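S.K.: Mind looking at a prediction? Sequence and model below.
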Amino acid sequence: MCGRPRLPPVVTPTCDLALACLAVTLLRQGRAESWEAVSRTSRDLLIGRQPDQEDHKLIDEVERLAALIREKNAAERKIAALIGRPATSGNIGEFVAAKVFGISLMTSGSHPGYDGVFQRGPLAGKTVNVKTDSRHELVLDISSHPCDYYLVLTGRPGRASVRPWVIDSVFLFEHQRLVADLTSRAVKIGVATSIRTADWAAAQVYPPRPASPLQLTSDQIALLRLFSTAAAEGPDDDAPTVGVLFDPEPGTWGLRGDPYLWRALRKRLADEPMPASPDEVARVIHGTFEELAGTALADDPAEDIYRREFAHGGMSSGMISLETWRRQLVPALVQRAMTLLSASEGKPPASRYDPMGKMDGEYVVWKPDDRGEYAFAGILADDTEETLKVIMSEERCSREEAETILRDALQADDDAPEAL
């Protein structure tokens with residue numbers, strides 16, 4: 001529509017010049033969020049009316065926001081001066097990745113296909129595209145331009161309204177192999193490409209795993225921890241941490257190395273903020289267990305392992321009972337988390353979280369999945385059935401084997417102290 005532009009209500013051909021000038025000043029100072037607010041506030045000031053509580057709140061909030069933005073801009077100017085590029089999330093991630101993983105970045109921040117080249121280690125000479133996301137949402141932007149590897153820096157799993165710049169996990173994908181796998185499964189490749197949980201687990205390099213595609217040094221691990229959520233948020237005396245779940249200690253153990261591993265886990269997780277759900281607690285515990293014990297509790301078929309750092313004398317010194325951790329200790333920790341989280345939300349205690357036991361009066365079997373979470377596996381057949389069908393894997397075992405497993409588990413449960 002052509003013609004004379006329509007002026008905001010506060011600036012009309014007949015308005016007082018002083019009113020218009022004050023309105024513009026309020027806007028420039030960030031003391032009002034809209035023309036309507038400017039009109040009300042400036043007119044009230046001119047006619048001498050004292051601003052009411054709503055006026056004060058509006059001005060205080062906007063002034064506070066302006067102050068915070070000034071702090072943010074000042075921090076970003078310092079970051080930009082340090083990294084030599086604008087302080088965007090991607091540029092910060094590339095800078096950190098370059099320092100930690102020995103990557104020589106390309107001169108241009110928008111180089112097609114990749115951001116730099118590994119300069120040392122087993123990947124020396126390989127090109128890499130660095131991806132940064134404050135949350136781990138199981139998706140990856142895959143470009144049509146070629147590169148050798150994707151190095152992905154992420155925060156914690158799931159969605160969130162607050163997205164701080166943190167690094168809680170690092171993944172390394174070989175580009176050609178990843179694209180070939182996705183193509184074979186007819187997965188659409190591009191922005192926010194969905195990647196299977198198992199593929200993320202196989203690509204994880206931090207927190208370190210024995211089967212990680214790239215083994216990190218202690219110095220690299222220490223540098224990445226500087227950017228963890230726990231480090232970014234700082235200590236909060238009122239907020240519970242995962243470490244509190246380890247007190248009190250259980251009254252019985254499987255082997256002599258178990259209590260020392262328990263205490264090492266408690267120390268490592270002393271400053272780890274308590275996740276919002278028991279499943280996330282289980283993931284944190286399993287991930288830290290793997291880091292300290294050198295094996296994935298959910299994947300290792302062994303009943304026990306030896307770790308020299310947990311050897312302090314005795315016949316089974318240094319031995320870790322994986323079966324005890326799977327059936328007794330980890331479920332006990334998750335049960336404590338469920339109770340704590342329920343209490344913090346004003347809810348009644350959550351239902352028991354057992355690898356094996358009774359549910360609604362029937363014997364059921366639980367098993368850990370590839371993310372370290374215990375999930376329903378099957379139900380013990382009644383007298384008319386000959387076998388126990390394990391729903392998740394479709395494996396079958398004899399009724400006698402199933403009853404033996406359950407009997408041993410329930411006996412262990414009866415012998416466990418109340419602390420568990």
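M.R.: Great, that's in hand.

S.K.: what packs against the longest helix belonging to the chain?
M.R.: Assignment by DSSP state H gives helix 53-83 as the longest helix of the chain. Where contact means 3 or more CB pairs under 8 Å, 6 or more residues apart in numbering; DSSP states H and E, helix 53-83 is packed against helix 35-47, helix 89-101. (Each C-beta comes from the backbone N, C-alpha and C, glycine too.)

S.K.: Let me see the mean pLDDT of that helix.
M.R.: For helix 53-83, mean pLDDT rounds to 85.

S.K.: what do you get for stretch 163-180?
M.R.: On average, stretch 163-180 scores 92.

S.K.: Pull out the buried positions in that stretch.
M.R.: For stretch 163-180, burial by neighbour count (16 or more other CB atoms under 10 Å) applies to 165-175, 178-179.

S.K.: Distance to Trp253 for those - can I get that in TSV?
M.R.: Shown next, in TSV, are these (distance: CB to CB, whole Å):
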residue	distance to Trp253
Trp165	41
Val166	35
Ile167	34
Asp168	30
Ser169	31
Val170	33
Phe171	34
Leu172	36
Phe173	39
Glu174	41
His175	46
Leu178	42
Val179	47
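
S.K.: Out of the residues you listed, which comes closest to Ala124?
M.R.: Leu172 (14.3 Å; CB to CB).

S.K.: Return the list of strands paired to the helix or strand containing the closest one, each annotated with direction.
M.R.: Element membership for Leu172, per DSSP states H and E: strand 169-174. Strand pairing for strand 169-174, using DSSP bridges, gives strand 149-157 (antiparallel), strand 204-206 (antiparallel).

S.K.: Serialize these to TSV and add fields for distance to Val284, mean neighbour count and mean pLDDT.
M.R.: Output for the strands paired with strand 169-174, formatted as TSV (distance: least, CB to CB, whole Å; neighbours: other CB atoms under 10 Å; pLDDT from 0 to 100):
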stretch	distance to Val284	mean neighbour count	mean pLDDT
strand 149-157	9	23	91
strand 204-206	14	22	91
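
S.K.: pLDDT averaged over the helix or strand in which Val284 is found - what is it?
M.R.: Applying DSSP H and E as the criterion places Val284 in helix 278-293. For helix 278-293, mean pLDDT is 87.

S.K.: tell me the angle it makes with strand 169-174.
M.R.: Calculated by axes from the mean of the first three to the mean of the last three CA atoms, to 10 degrees, helix 278-293 forms an angle of 70 degrees with strand 169-174.

S.K.: Packing partners of helix 278-293?
M.R.: Helix 278-293 packs on strand 149-157, helix 258-268, helix 330-344, going by 3+ CB pairs under 8 Å, 6+ apart.

S.K.: The longest one versus helix 258-268: what angle between them?
M.R.: Here the directions of helix 330-344 and helix 258-268 differ by 40 degrees (the same axes, to 10 degrees).

S.K.: Against which helices or strands is helix 330-344 packed?
M.R.: Going by 3+ CB pairs under 8 Å, 6+ apart, helix 330-344 lies up against helix 278-293.

S.K.: Same question for the next helix or strand after the helix it packs on: list its buried residues.
M.R.: Going down the chain from helix 278-293, the next helix or strand is strand 304-306, by DSSP H and E. Neighbour counts over strand 304-306 (16+ other CB under 10 Å) mark 304-305 as buried.

S.K.: Strand 304-306 pairs with which strands, and in what direction?
M.R.: Sheet pairing of strand 304-306 (DSSP bridges) gives strand 319-321 (antiparallel).

S.K.: what's the helix or strand following the strand it pairs with in contact with?
M.R.: Going down the chain from strand 319-321, the next helix or strand is helix 322-324, by DSSP H and E. Under the contact criterion CB atoms under 8 Å, 6 or more residues apart in numbering, helix 322-324 has outside partners 253-255, 258, 295, 297, 300, 302-305.

S.K.: In TSV: these, plus distance to Tyr150.
M.R.: Formatted as TSV, the contacts of helix 322-324 follow (distance: CB to CB, whole Å):
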residue	distance to Tyr150
Trp253	42
Gly254	40
Leu255	40
Asp258	38
Thr295	27
Leu297	28
Asp300	28
Ala302	33
Glu303	37
Asp304	37
Ile305	32
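
S.K.: What's the end-to-end length of stretch 100-117?
M.R.: 13 Å (CA to CA, to the nearest Å).

S.K.: Touching it from outside, list them.
M.R.: With CB under 8 Å, 6+ apart as the criterion, stretch 100-117 contacts 85, 90-91, 94-95, 97-98, 118-121, 125-130, 143, 145-148, 151, 220, 223-224.

S.K.: Using CSV, write out every CA atom in stretch 291-300.
M.R.: C-alpha atoms of stretch 291-300 as CSV (Å, rounded to 0.1, in the frame of the first residue of the first chain):
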residue,chain,number,x,y,z
GLU,A,291,35.8,-45.6,31.9
LEU,A,292,37.2,-46.9,35.2
ALA,A,293,36.8,-50.6,34.8
GLY,A,294,37.8,-50.7,31.1
THR,A,295,34.8,-52.8,30.0
ALA,A,296,31.2,-52.2,29.1
LEU,A,297,29.1,-53.7,31.8
ALA,A,298,26.1,-54.3,29.4
ASP,A,299,28.2,-55.9,26.7
ASP,A,300,30.9,-58.0,28.4
